[in-house]
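Trainee: fold the following for me, if possible:
(chains A and B)
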There are 2 protein chains.
Amino acid sequence: MLHAVILAGGGGTRLWPLSRTHSPKQFLSLLGDHTLLQQTALRLAAVVPAERLWVVTGKEQEVLVKAQLSALPSLGEPPPKVLTEPVGRNTAAAIGLAALHLQRIDSRAVMAVCPADHWVTRPEAFTALVLKAAAVAEQDVLVTVGIVPDRAETGYGYIRRGEPFPPAPTAHQADEIYRVERFVEKPDRQTAEVYVASGRYYWNAGIFFWHASTILEELALYLPALYAALMQIAPRLDGDAEETLATVYPCLEPVSLDSGVLEKSTRVVVLPADIGWSDLGEWTAIHRQSPQDEHGNMLSPNVLDLGSKNSFVLGRDPQRTIATIGLENMMVVDVEDALLICSKDRVQEVRTIVHELRTRGAEVAHSPRTVQRPWGTYTVLQEGNRYKVKRVVVRPGASLSLQLHRHRSEHWVVVQGEAQVINGEQEALLQANQSTYIPAGTKHRLANSGTEPLEIIEVQTGPYLGEDDIVRFADLYGRGLS
Amino acid sequence: MLHAVILAGGGGTRLWPLSRTHSPKQFLSLLGDHTLLQQTALRLAAVVPAERLWVVTGKEQEVLVKAQLSALPSLGEPPPKVLTEPVGRNTAAAIGLAALHLQRIDSRAVMAVCPADHWVTRPEAFTALVLKAAAVAEQDVLVTVGIVPDRAETGYGYIRRGEPFPPAPTAHQADEIYRVERFVEKPDRQTAEVYVASGRYYWNAGIFFWHASTILEELALYLPALYAALMQIAPRLDGDAEETLATVYPCLEPVSLDSGVLEKSTRVVVLPADIGWSDLGEWTAIHRQSPQDEHGNMLSPNVLDLGSKNSFVLGRDPQRTIATIGLENMMVVDVEDALLICSKDRVQEVRTIVHELRTRGAEVAHSPRTVQRPWGTYTVLQEGNRYKVKRVVVRPGASLSLQLHRHRSEHWVVVQGEAQVINGEQEALLQANQSTYIPAGTKHRLANSGTEPLEIIEVQTGPYLGEDDIVRFADLYGRGLS
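Mentor: Below you'll find the predicted structure:
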C-alpha cells in the first residue's frame, strides 16, 4: 500500500518577514488561499486516501498542523496522522521515524516523502508521477524525483543521472528512469549552465519513494547510530512513545537523508519529472510563481506604482497604502511589524538579516504580529508604558484555558460575536458593545459558544505584560498547566 | 520698526507620506525636535521681539499654528499674532493682508517675509542677513534674498543680478547688493550649470524685506484687483474683519507675489546670502540636510541595512523593523498608514502619487494616522466591522468639548494619567486601569486635570463611526457647536 509522508518540521528564514521562527513557510498562504501544508496535503490526497497520509512535525508546531489539516474537510476521514518529534533532527531522523510507523502496520508499505513547503503548478502531472514512482519503488530501490531544469538555477542541488535503470514490466516501462551517478550541491552560475546544457542533470526536489523496509535497511547501513535509536523507539510505538522519543531524539546527530544515505547508497534511481515545481526558497522564487503585469511586476492591490519594472511588492495590510516609483529589480515585503526592501540579486542575504535579528533577541525574528493559537489568533495593536492593546479572535466553539494572570488586569470589549465569559465566580454571555473587567489574580475564561467568530479588544494594564504571566487551570489543547 | 511675517499657509504634497493635506510640512518635525514653523519662529525671534512676529495661515490650520507657537515658551510674551485667511489665495494676498495690518499700526513698518517651511543651517548668518536686509529696505526698495548656489539645482527658481545697487551709507555699505535683472523659473540641468558657472545667478529663497507701505504701493500698481480688495478689508481691521475676509477672499485670484509683483516691479534688489538654506522641497532635499553615514545613507534607528548606498530610509514607527539590502539611490519613507519607495531621480513624481490618491478620495492623502487636535492627539489603531480602536492623548489642563454621538457608543480605558469624565449625569475621576462606558446619545466630556499627559484607549462600536457624528455643546477652542 502507498502511504504519503509530509515533512512539516522546517523553520525557514529566507522568506522573512512573512516567515518567522514560530511561523515557518509551510504554514503560510503564499500563493493561493490555502497554506503550503494544506496544498501539499490536498495534492497527495488525490492519490493517497486520508487514512494513509502522515505528517511529521515538531512539538511546537503540532497544534498548528492539526488545525490547518482539520480546516480541510475535503481531505476526508480519518484525519492525517501527525507524528511529533520532540526536537527537530533533520530529515534522516524524521523519515526514519515515519518508516518505523509504516513498517509496523504494513511490512510492504511504500512511502512517498514530500516536503510540506514546496510548490507544484501541475497537480495532474504530480499525480501521474506519484503512481509511476511508487511502482518503481516496488523494486526495492530508492526513487528520487529529478526536476527537468528550465534555467541555470544556482539555488538548488542537482542530480546527475547515470545508466538507464531497467524497470519492471509495468505500464510505465516506456518511461526514462536512471541510476543516480551523483548528487551535487548548489553550483555556481557557470557550472549550472553546463549542467542544464548537458541534459544529464536534474534538480533534486526532495521528493522520494521507497519501501519503508528498504529505507530502514539503508539507514542501518549508512547511519547505524540513528538506526539503533529507531530500534529503541520501535517497541514503544504500540503505546505511548512520547517519553522514549524525548530521551532518544535530543541525542541524535542532525543529518539530512540526502547526505546521510542517498549520496552513499548504490540503490538510488532518479525519475525525471516536469511538474511545475519550485521550492519557494526565497522571494525571487515567489515572484517567479506569481502573476505579473506587462512590466514583470507583482504588485499587491494596495500598491500604487509609477513606472516600476521586474519588481515584487507584497503588502499584507490592506489598510496601508504603498506607493512605489521607479523600482527596478526590487523585492518589497511589507507586514504589520516589519518591512523588507531588497535588491533582487541579493535576496539570499535575507538570512543574514534574520540571523542578526535573532542575535539581537528581536521578537520580530520569531513571532508574527498576529499569533496563531489553537483557539484562534491574537494581534498586538499597541504596546505602551504599562499597557498593551490586543485584538483577540476566537473560533466558533473554541475556548481559551481557564487561567489567571498575576501581574496584569484585563479590560475586554466584545466587538463581534458572542462571548461566554467566566470571571471569578461570575459567568456571563456578552454581546458586541458589552465589556467586562478581569482584575489581576482573578480566574477567568473566554469562550465562543456562538456560530460566528468572536472578536474582542483587550486592554491589558499592569507592571508586567509578558505572555508568560499565565497560570492555566484547564486547557482543551493539552497545554502545560501553570 | 522691523516686523517679521511668517507665511504658514502652504499645503505641500511633495513630502508625502509624512506631509498630508491637513498636516503640511511646516507643522512637521523633519529635522530636529521642533517643527519647521517653530524653528522659523525661533530663528526670527533672535532678531525680532515676539510682539512683532506675525503668522499668516489658513482657517483649518489656525489651531495648529497657535498650539505649536504656544509650545515655545522661549518666544516670550505676548505670543505672535496669527492672521487667518478664510481660504488660501497664494502669497500675494497673504503678504498684502499682513502689510495692511502692519501699515495700520506703524506707517513706516519694515516687514521681513519668511516661509514657515524652509531650513537654515546657519542661524547667525541669518540674523546678520535680516539686519542688513532691513536696513536696505529702508530705502523703499523690494529686497529679495539670493542664495549663492553651490550646485546646479533644477528644483529652484533663480534670480539674475544686474547693476550694483548703491546702498545708503550704513555700516553695511561694503556689502554687495544688486538690482534684479530678471527672475527665471526652474531651469533644466544644462541651463542651471551655466547659471552657477556665471556667478550672476542666485536661488530665490522666497525671503523678502520691504516697507509695508512700499509693497502696498506695488500691489496697487501691478495687482489692482487685489489692492482694491485689501482696501475693502482695511476699514474692518480695528474690529472683526472675519466676515469681510470671508466675503472678499474667495473671489481673489490666487497669484504668487513673485509672478504678480516682483517679476514686474522696477524696485527689486537682491542681497546675496550664504545661510545654509534649503526649501526642503522634496525628499532628496531632506536627505541632503540629514547626517549621513560613510556610504551616503540616512538610516533611521529601526533600520537594519546590508550594503545600501546613497539612500534615505526614514522609519517613523520605532516598533517596526525595517531591513534594507543593497539599495542604491532610493528614498524610503515608512509611516503608520503608508509607505513610499522611490528612485532618487524621480522624487518629483511623489506629487503625482498624491494627486492620484486625492482623486481616489483616499484618506491617506489628507490626514495622518495620528491627528492633531487643540487638546492633544488621537491615533486610529484598528478599524474593523462596526468598531474602531483609538489611542487618545490629552495634554495636561486640556479638555475635549462636551459632546455626544448619535450612532456610536464608546468604551474608555485609562492607561496613563488621570481622566476627569462627565458621562451623562455622572462626574468621575478615573485613574489608570479604570474604565467607563458612554452609550450612544449620552452627553460626555473628557478632560485632563492632572499634570502629566492623559492616555486612554477608546473602543467605539456602532453602525456609523465617522468623525462627523459629533454634537458639540461647549468647546474651549471655539469650534462649531453641533
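
Trainee: use CA for all of it now, contacts and neighbours both
Mentor: Noted.

Trainee: show me which strand runs longest in chain A.
Mentor: If you go by DSSP state E, chain A has its longest strand at strand A:201-211.

Trainee: what does that one rub up against?
Mentor: Here strand A:201-211 makes contact (CA atoms under 8 Å, 6 or more residues apart in numbering or on different chains) with A:108-115, A:133-134, A:137-138, A:140-149, A:156-161, A:195-196, A:272, A:277, A:279.

Trainee: one more: stretch A:17-30?
Mentor: The contact list for stretch A:17-30 (CA under 8 Å, 6+ apart) reads A:8, A:10-13, A:15, A:34-37, A:60-61, A:64-65, A:68, A:116-118, A:286, A:333-335, A:338-340, A:364-368.

Trainee: please list only the buried members of those.
Mentor: With burial judged by 16 or more other CA atoms under 10 Å in any protein chain shown, the buried subset of these is A:8, A:10-13, A:15, A:34-37, A:61, A:64-65, A:116-118, A:286, A:333-335, A:338-340, A:364-368.

Trainee: buried ones in stretch A:260-274?
Mentor: Judged by neighbour count using 16+ other CA under 10 Å, the buried positions of stretch A:260-274 are A:260-263, A:265, A:268-274.

Trainee: so the residue in the stretch 1-150 of chain A that chain B sits nearest to: helix, strand or coil?
Mentor: Closest to chain B within the stretch 1-150 of chain A is A:P17: 9.1 Å, counting by CA to the nearest CA. Three-state assignment for A:P17 (DSSP: H, G, I helix; E, B strand; the rest coil): coil.

Trainee: ok so, going back, can I get the buried part of the contacts of strand A:201-211 as one ChimeraX selection?
Mentor: Buried residues among these (16+ other CA under 10 Å), as a ChimeraX selection:
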select /A:108,109,110,111,112,113,114,115,133,134,137,138,140,141,142,143,144,145,146,147,148,149,156,157,158,159,160,161,195,196,272,277,279
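
Trainee: can you narrow the contacts of strand A:201-211 down to the ones near chain B?
Mentor: When these are filtered against chain B using CA under 8 Å from any CA of the partner chain, no residues are retained.

Trainee: among the contacts of strand A:201-211, which are in helices?
Mentor: Judged by DSSP state H, helices contain the following of the contacts of strand A:201-211: A:133-134, A:137, A:195-196.

Trainee: phi and psi next, for A:S198.
Mentor: Main-chain dihedrals, A:S198, degrees, to the nearest 10: phi -70, psi -30.

Trainee: quick one: the strands in the stretch 301-450 of chain A?
Mentor: A:303-306, A:312-315, A:321-325, A:330-335, A:338-343, A:370-373, A:376-384, A:387-394, A:402-404, A:409-416, A:419-423, A:426-430, A:435-438, A:444-447 (DSSP state E, counting those that start in this stretch).

Trainee: and the longest one with strand B:387-394, angle?
Mentor: Yep, that's strand A:376-384 we're talking about. Counting by axes from the mean of the first three to the mean of the last three CA atoms, to 10 degrees, strand A:376-384 lies at 10 degrees to strand B:387-394.

Trainee: show me what strand A:376-384 is packed up against.
Mentor: Packing partners of strand A:376-384 (3 or more CA pairs under 8 Å, 6 or more residues apart in numbering or on different chains; DSSP states H and E): strand A:370-373, strand A:387-394, strand B:376-384.

Trainee: contacts for the last one, please.
Mentor: Contacts made with strand B:376-384 from outside it, assessed by CA under 8 Å, 6+ apart, are listed as A:381-382, B:369-372, B:388-395, B:398.

Trainee: tell me how far it lies from the chain's centre.
Mentor: 23 Å (CA atoms, centre = their mean, to the nearest Å).

Trainee: next one: the first one
Mentor: Relative to the centre of its chain, strand A:370-373 is centred 15 Å away, using CA atoms, centre = their mean.

Trainee: also stretch A:263-271?
Mentor: For stretch A:263-271, the distance to the chain centre is 27 Å (CA atoms, centre = their mean).

Trainee: the bottom helix or strand of chain A by mean pLDDT?
Mentor: strand A:370-373 (a mean of 85; mean pLDDT, DSSP states H and E).

Trainee: give the buried residues for that strand.
Mentor: A:370, A:372.

Trainee: over to stretch A:309-327?
Mentor: Under the neighbour-count criterion of 16+ other CA under 10 Å, stretch A:309-327 has A:309-315, A:320-327 buried.

Trainee: repeat that for stretch A:190-208.
Mentor: For stretch A:190-208, a neighbour-count test (16+ other CA under 10 Å) marks A:192, A:195-196, A:201-208 as buried.

Trainee: start and end of that stretch, how far apart?
Mentor: End-to-end span of stretch A:190-208 (CA to CA, to the nearest Å): 28 Å.

Trainee: same deal with stretch A:117-130?
Mentor: For stretch A:117-130, the end-to-end distance is 17 Å (CA to CA).

Trainee: list the buried ones in that stretch?
Mentor: So for stretch A:117-130, counting by 16+ other CA under 10 Å, buried means A:117-120, A:123, A:126-127, A:129-130.

Trainee: my guess is A:P453 meets A:R395, correct?
Mentor: Yes. With contacts counted by CA atoms under 8 Å, A:P453 reaches A:R395, the gap being 5.1 Å.

Trainee: burial count for A:E458?
Mentor: By other CA atoms under 10 Å in any protein chain shown, 24 other residues sit near A:E458.

Trainee: what residue, apart from its backbone neighbours, is nearest it spatially?
Mentor: Nearest residue to A:E458 in three dimensions, chain neighbours excluded: A:W412, at 4.6 Å (CA to CA, 6 or more residues apart in numbering or on different chains).

Trainee: contacting residues for the one you found?
Mentor: A:W412 touches A:435-438, A:456-459, counting by CA under 8 Å, 6+ apart.

Trainee: at 6 Å instead, please
Mentor: A:435-436, A:457-458 (CA atoms under 6 Å, 6 or more residues apart in numbering or on different chains).

Trainee: what's the farthest-apart pair in those?
Mentor: A:T436 and A:I457 (10.9 Å; CA to CA).

Trainee: and the stretch 251-400 of chain A, which of its residues are near chain B?
Mentor: By CA under 6 Å from any CA of the partner chain, the residues of the stretch 251-400 of chain A that approach chain B are A:320-326, A:337-343.

Trainee: gap between stretch A:278-292 and the chain center?
Mentor: Per CA atoms, centre = their mean, the centroid offset for stretch A:278-292 relative to its chain is 16 Å.

Trainee: scratch that, stretch A:337-353
Mentor: The chain centroid and the centroid of stretch A:337-353 are separated by 20 Å, computed with CA atoms, centre = their mean.
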